[in-house]
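Trainee: My questions are about this predicted structure, shown below with the sequence.
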Amino acid sequence: IVSEMDDENTQNCVEDEAYAIVKFVKEFNSKGEVLVELVPSSWTFLAEDNEWKCKWPGEAVKNIEKEIKELQGPGDNWPFFDVEIVTRA
């Protein structure tokens, strides 16, 4: 798991891997299930509190799959959420 790596390895992982699989820590779907998503690594960042965050557009983006597939960068006004990095690819 990325959170167990030292800072140098974590930074290299972020730069070298195009995608991250993230588990949203405090967000659930309508059935109460944990949300897990494949996102561009550029949407994830290590915040000042040393916790991983992920920018997510919500309903602001109509075709999220296209944004993800094309490795589009996150929007400046997208909110961010607490996540756990499951893996990177």
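Mentor: Looks like it arrived, so ask away. Predicted model, so just to flag it, every value in this text is computed and none were measured.

Trainee: got any ranges where the chain has weak pLDDT?
Mentor: Along the chain, the parts satisfying pLDDT under 70 run over 1-15.

Trainee: partners of D82 in the sheet?
Mentor: D82 has the following beta-bridge partners by DSSP bridges: K53.

Trainee: now the helices for this structure?
Mentor: 7-16, 64-69 (DSSP state H).

Trainee: Run through the strands of the protein in chain order.
Mentor: Secondary structure of the chain (DSSP state E): strands at 19-28, 34-40, 44-46, 52-55, 80-88.

Trainee: then the fourth one to PDB, C-alphas only?
Mentor: Meaning strand 52-55. Output of strand 52-55 as PDB, limited to C-alpha atoms (Å, rounded to 0.1, in the frame of the first residue of the first chain):
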ATOM      1  CA  TRP A  52      -4.300  11.200   0.800                       C
ATOM      2  CA  LYS A  53      -6.900  13.200  -1.000                       C
ATOM      3  CA  CYS A  54      -8.600  12.800  -4.300                       C
ATOM      4  CA  LYS A  55     -10.200  15.600  -6.400                       C
END
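
Trainee: Identify the residues contacting it?
Mentor: By Cβ atoms under 8 Å, 6 or more residues apart in numbering, the residues outside strand 52-55 that reach it are 2-3, 20, 22, 24, 37, 39, 43-47, 74-75, 78-85. Bear in mind the C-beta positions are built from the backbone N, C-alpha and C, glycine included.

Trainee: Next: the first one.
Mentor: Contact partners of strand 19-28, identified using Cβ under 8 Å, 6+ apart, comprise 34-41, 43-44, 52, 54, 68, 81-89.
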